[in-house]
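In: coords please:
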Amino acid sequence: MAITLVNPSGLPQIDAYRQVSIATGSKLVFIAGQVAWDADQVTVGEGDLAAQVEQCYLNIGTALAGVGASFDDVAKLTLYVVDWTPDKMPLLMEGIGRAAAKLGAGVTPPASLLGVAALDVPEHLVEVEATAVID
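Out: This next block holds a predicted model:
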């Protein structure tokens, strides 16, 4: 495994992600922002933030598997959420939890969450991009 996740003392201990990842692999994998499309470009969970987050994470899992990697190799996630407000956090965490259960993986690498005005099409509520490191 090329990634070690760490929560150094002196930083907040947040359950949803670790504060630091240490990468020791030799290949960087950059995954384009994934939205809630299925393989046929049909939006999954229109109007449902949790369902869309879940689909984004599942799409990242598919992309990782396509290059011989998994969420264990993810060094950093960036989430873009339309019209973000803190009251949306339970739905975000629900979607992440459902995806983690389906993927059989921990999905807690360092992450940044940014509120945005809009994404590629009006029905998309969230986009998630990932950077992984593999040997």
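In: The chain: strands as residue ranges?
Out: 3-6, 20-23, 27-34, 74-82, 111-116, 126-134 (DSSP state E).
In: Where is the longest helix in the chain?
Out: Ranked by residue count under DSSP state H, the longest helix found in the chain is helix 49-66.
In: Measure how that helix sits relative to strand 27-34, angle-wise.
Out: If you take axes from the mean of the first three to the mean of the last three Cα atoms, to 10 degrees, helix 49-66 sits at 150 degrees to strand 27-34.
In: And helix 49-66, what's buried?
Out: Applying a neighbour-count criterion of 16 or more other Cβ atoms under 10 Å, the buried positions in helix 49-66 are 49-61, 63-64. Placement of C-beta: from N, CA and C, glycine included.
In: now, of the strands of the chain, which is deepest in the fold?
Out: Of all the strands of the chain, strand 126-134 has the most neighbours on average by mean count of other Cβ atoms under 10 Å, namely a mean of 23.
In: so what does that strand touch, helix or strand wise?
Out: strand 27-34, helix 49-66, strand 74-82 (3 or more Cβ pairs under 8 Å, 6 or more residues apart in numbering; DSSP states H and E).
In: Where does the prediction get shaky in this protein?
Out: Along the chain, the model assigns pLDDT under 70 to residues 1.
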